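Novice: Let me see the structure of the following:
(chains A and B)
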Amino acid sequence: MSNYFDMNRRRFLKHSATGAALVVGTYFMGGAPRILASVIEQSSPSAKRANLFVALRPDGVVEITCHRSEMGQHVRTAVAQIVADEMEAAWDKVVVIQAKGDPKYGDQNTDGSRSIRFNMQRLREMGASVRYMLEQAAAKRWGEDPASVTASLHQVKHSSGKTLNYSDLIEDALAITPPEAKNLSLKTRDQWRYINTGMAHVDLQDIVAGKALFAADLREPSAKVAIIARPPVLGGTVKSLDDSAARKVKGVLDIVQIPSPKGAVSFQPKGGVAVIADNTWAAMQGKKALKIEWNDGENAQYNSEEFKQALLKTVGSPQESVRIKGDAEAILAKASDKLVADYYMPHLAQTPMEPPCATAMYYKDRVDVWAATQNPQADMETVGAMVGMPKEQINVYVTLLGGAFGRKSKPDFSAEAAFLSMKTGKAIRVQWTREDDIQHGFYHAVSAQHIEATLSEKGDVDAYLHRTAFTPIASIFQENAKAPMSFELDLGFTDNPIHTPNLKLERGEAKAMARIGWMRSVSNNFHAFAVQSFIHEAAHKAKQDPKDYLLKVIGPDRIIDVTEQNAEYQNYWGDKSVYPLDTGRLRNVIQKVADMSSWGRKLPKGRGLGIAAHRSFLTYVATVVEVDVSDSGELDIIKSWVSIDAGTVVNTDTVINQTEGGSIYGITNAISGGITFDKGRVVQSNFHNYRVARMTDSPLDIEVAIIPSDEPPAGVGEPATPVYAPALCNAIFAACGKRIRQLPIGDQLKA
Amino acid sequence: MLKLTVNGKTHEFSGDPTTPVLWFLRDELNLTATKFGCGMAQCGACTVHIDGVAQRSCVLPVSAAANSKITTIEGLSSEGSHPVQQAWVEHKVPQCGFCQCGQIMQAASLLSQNPAPSDKEIIDAMSGNICRCGTYPRIHKAIKAASKKIAGVQYFTPAKQGGLS
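Specialist: The predicted structure is shown next:
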């Protein structure tokens, strides 16, 4: 079922090029109306050809191209489900081809939980076009009315009972022109056979048999291995290098310096010294033997404890306004009884299990790259800039990704491999170690939040003020940018659904002294932590049940348009008429999860239930966590319940798996000590001191309910994460009365 | 010259004897199912069997494995037919799949020594294997299913509500 590389594809087509293949694609026109065009041609061994999504081969096998990167979200399966369903393909005749980087596919940036949202419609149209062509071809062959034929599981059937196999119809179908998209008849929901089912992942068997190929498993036989010593402080450079001992390590072939980034760091390599060797171990030993003195530069002053105090100070005083309704400021200034809370969350690292890795081969007129990348088109640009070639000359083949979580959409590792190949004339595989991953990453922003509110006698929120400050992602794209880009605020801050007549949202500035990048759910993580913790604190102050109170402060079912309150808001690039902020759907997931968890039941001493709900990536999630906190402060997460409304879903099992996994990713947000800096250097180095959730930290059961919905598809990979830490901390409060405002939880339960 | 037995085949190795088994498998034998995740026995992605017992190959020098039988997942079964692998398929455990060879090798070793582990024994045996995708609940369920198959164990299933009935 699975094929990862165009290398394989080339072989495939050669073997099968005995007859014509029917190939269908779309020309992706960016924001312009879609134009569906059929591309009908002889099968060709050229793997360079892009924008081909479906090929029906003479042997009947259907090749479906997945242009999004596979990192555990099973998009390869989902894309195939959508196309195969509409074209009535038999599942055992489907092969998934992984696309290389090419702008002709349109956007390939696999993050933001949007692969299905951006592509479901056009993939359906593609599948339906193939079905149309085959039905018309059969009708024509038989001389029958097209209305009397139907395609079903790789056959076209006539009402009289006669059938033709798809593979027998290829030549005839080549003469049929499919209608424009708007005239295609797509299947109705009740006709779906693959979409909205929990089909197994196409790569499942390969994974459990150890045959799945990740970036480091791709073995270009001549490739040498590079391990790189990078400057420990961002912006640092090599002051002096003594590589004599490293060169003596058996197997070490060369030592090559990599230039420092110029201008905004973007995705450029950090620079440093590469050790190139025959094998990985020799390269590692060579790196250890390097004697390097570094010029640290100004970021050597970065100290996390000092920075935390500065961030908390920032949110303690007025900042630039983001959204205003009523006059919260005046009411809060006069209030004698306010609830005031500051929240803090440290830097985190994505730490996918597969450390970054890429192989590159430099030729005079092109570079071939094989990489675990979330965004091959970014590799094309970054590599092109690094070796001084137009991006069109950079071929990027996408392997399976061993997790990514945002890290692998920054292709510095591909640029390193390409640069080293250019310098040495050899194929080079750059292998990052775990230490490299933890100490030279693009970190989730460190953040502080300040919230204050006054409550009426009934507990309603009369006035509400929230200030956020964090090291912005903007800082990697623009030198010295201290203010967040609007999209960073959109994520769980600007779109606060709280029902109050007086609201003010403000954002502060923070100078990043490390590379900042997006991590699963991005700024939703700290915004939802603060907002959902604060609502729970307000419920306690108002002496009301936290679930009932959460529903109360969200208020009645309604559509909120925050742009009517002087706010900029991009709504995850979703049309607000199609994907409005709908409090009814948010309320619904809360009610559902309360039912699932039997909210309100009596619990023994030391047990507690916590709830949180949040909309992110246009999906609504509510989570209940049950914990046990012992007298000595040991935390045990007993179980979790999650309800998720992601609109139309393609693979129900994937949604459940992502929701379970996204929840456990959220456990790490709460328990990890985070990434901290001293003298500009990352203190942590590997999993012994950068804690991530293990089985012992996880509940053994996470019950997930998908809200059945005909709404358009929304995000699935990220939305379960931001709600988890606040639901967990709210459960801890219910269990033992300790309020966690600063993450990690650490020893706070033992105090 | 060291002699190393991997999946029943003996290989000679004349390189650095401190080379971890992981890199011998990956770089010399091209057996790439055993993964590099941390290099310091913290994550379990590199788990293989040394004389049938799970060990982290990233910190085990080849010199220490010379007289032992090394089994990788490529040698655990042909085509993924081991009961643990089958249970992984039935429970659709993997997300990205990178850590899963190590998880499966760890679980297979656990069940070969203790065919009917308790919930806690499973947690204890598996907590050295990190999965950043967060497939732990499915791993746990799959191990119980495999155990049922291997040992014929019937498990008591507690009530759904947070273990409190």
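
Novice: tell me which element the residue of the stretch 351-500 of chain A found nearest chain B is part of?
Specialist: Of all residues in the stretch 351-500 of chain A, the one sitting closest to chain B is residue A:402 (2.8 Å; C-beta to the nearest C-beta). Quick note: C-beta positions are derived from backbone N, CA and C, even for glycine. Using DSSP states H and E, residue A:402 sits in no helix or strand.

Novice: residues in contact with the residue nearest to it when sequence neighbours are not counted?
Specialist: Setting aside the residues directly before and after it, residue A:402 is nearest to residue A:354 in space (C-beta to C-beta, 6 or more residues apart in numbering or on different chains), at 2.4 Å. The contact partners of residue A:354, taken as C-beta atoms under 8 Å, 6 or more residues apart in numbering or on different chains, are A:214-216, A:372, A:401-403, B:35, B:37, B:96, B:98.

Novice: try 7 Å
Specialist: Contact analysis of residue A:354 by C-beta atoms under 7 Å, 6 or more residues apart in numbering or on different chains lists A:214-215, A:372, A:401-403, B:98.

Novice: element containing it?
Specialist: With DSSP H and E as criterion, residue A:354 is part of no helix or strand.

Novice: Mind picking the two most distant members of the contacts of residue A:354?
Specialist: Pairwise distances among these were taken by C-beta to C-beta; the largest, 11.5 Å, belongs to A:215 and A:403.

Novice: And residue A:215, how far from residue B:46?
Specialist: 16 Å (C-beta to C-beta, to the nearest Å).

Novice: which element is the most centrally placed residue in chain B on?
Specialist: Most central in chain B under C-alpha atoms, centre = their mean is residue B:105, positioned 1.6 Å from the mean C-alpha point. Element membership for residue B:105, per DSSP H and E: helix B:100-113.

Novice: Quick check: buried residues in that helix?
Specialist: B:100-111 (16 or more other C-beta atoms under 10 Å in any protein chain shown).

Novice: Select the longest helix from chain B.
Specialist: helix B:136-151 (DSSP state H).

Novice: Let me fix that, I meant to ask about chain A.
Specialist: Ordering each helix of chain A by length in residues (DSSP H) puts helix A:115-142 first.

Novice: Name the next helix or strand downstream of that helix, please.
Specialist: With DSSP H and E, the next secondary element past helix A:115-142 is strand A:149-152.

Novice: counting contacts, what elements does that following strand pack onto?
Specialist: Counting contacts by 3 or more C-beta pairs under 7 Å, 6 or more residues apart in numbering or on different chains; DSSP states H and E, strand A:149-152 packs against helix A:115-142, strand A:155-158.

Novice: Kindly export that strand (C-alpha atoms) in PDB.
Specialist: Taking C-alpha atoms only, strand A:149-152 is exported to PDB below (Å, rounded to 0.1, in the frame of the first residue of the first chain):
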ATOM      1  CA  VAL A 149     -24.300   3.100 -15.500                       C
ATOM      2  CA  THR A 150     -22.700   3.400 -12.100                       C
ATOM      3  CA  ALA A 151     -19.200   3.100 -10.900                       C
ATOM      4  CA  SER A 152     -18.600   0.800  -7.900                       C
END
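
Novice: which stretches of chain A have low pLDDT?
Specialist: A:1-52 (pLDDT under 70).

Novice: which residue sits closest to the residue nearest the centre of it, ignoring its sequence neighbours?
Specialist: Chain A has residue A:111 as the residue nearest its centroid, 3.9 Å off, counting by C-alpha atoms, centre = their mean. Distances taken as C-beta to C-beta, 6+ apart put residue A:409 closest to residue A:111, at 5.2 Å, once the chain neighbours are dropped.

Novice: residues touching that neighbour, list them.
Specialist: A:109, A:111, A:374-375, A:378.

Novice: can I get the residues you listed in a markdown table with secondary structure?
Specialist: Converted to a markdown table, those look like this (DSSP: H, G, I helix; E, B strand; the rest coil):
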| residue | secondary structure |
| --- | --- |
| A:109 | coil |
| A:111 | coil |
| A:374 | coil |
| A:375 | coil |
| A:378 | helix |
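
Novice: taking those as a set, which two sit the farthest apart in space?
Specialist: Maximum distance among the contacts of residue A:409 (C-beta to C-beta): 10.4 Å, for A:111 and A:378.

Novice: What's the separation between residue A:550 and residue A:745?
Specialist: Distance from residue A:550 to residue A:745, by C-beta to C-beta: 22 Å.

Novice: These two - which one has more neighbours?
Specialist: Taking other C-beta atoms under 10 Å in any protein chain shown, residue A:550 and residue A:745 do not tie; residue A:550 has more neighbours (24 against 20).

Novice: Pull up the gap between the most far-flung residue of chain A relative to its centre and residue A:167, please.
Specialist: In chain A, the residue that sits farthest from the middle, by C-alpha atoms, centre = their mean, is residue A:143; the gap is 50.3 Å. Distance, residue A:143 to residue A:167, using C-beta to C-beta: 21 Å.

Novice: likewise residue A:411?
Specialist: Using C-beta to C-beta, residue A:411 is found at 40 Å from residue A:167.

Novice: Over to residue A:609?
Specialist: Separation of residue A:609 from residue A:167 (C-beta to C-beta): 57 Å.

Novice: Give me the more crowded residue out of the two.
Specialist: residue A:609 (26 against 18).

Novice: Quick check: the more buried one vs residue A:703, distance?
Specialist: From residue A:609 to residue A:703 the distance is 13 Å (C-beta to C-beta).

Novice: same question, residue B:41
Specialist: From residue B:41 over to residue A:703 the distance is 34 Å, taken as C-beta to C-beta.

Novice: do the same with residue A:214
Specialist: Residue A:214 is 31 Å from residue A:703, by C-beta to C-beta.

Novice: For chain B, give me its nearest residue in the stretch 551-700 of chain A.
Specialist: As assessed by C-beta to the nearest C-beta, chain B sits closest to residue A:664 within the stretch 551-700 of chain A, at 2.9 Å.

Novice: so that residue sits in a strand?
Specialist: No: read with three-state DSSP, residue A:664 is helix and lies in no strand.

Novice: Touching, it and residue B:136? I think so.
Specialist: Yes: counting by C-beta atoms under 7 Å, residue B:136 is a contact partner of residue A:664 at 6.4 Å.

Novice: Now do the shared contacts for the two.
Specialist: Common neighbours of residue A:664 and residue B:136 (C-beta under 7 Å, 6+ apart) are residue A:698.

Novice: Which parts of chain B are strands?
Specialist: Assigned by DSSP state E, the strands in chain B fall at B:2-6, B:9-13, B:47-50, B:53-56, B:69-71.

Novice: strands paired with the third one, and their directions?
Specialist: Looking back up the chat, that one is strand B:47-50. Neighbouring strands of strand B:47-50 in its sheet, by DSSP bridges, are strand B:53-56 (antiparallel), strand B:69-71 (antiparallel).
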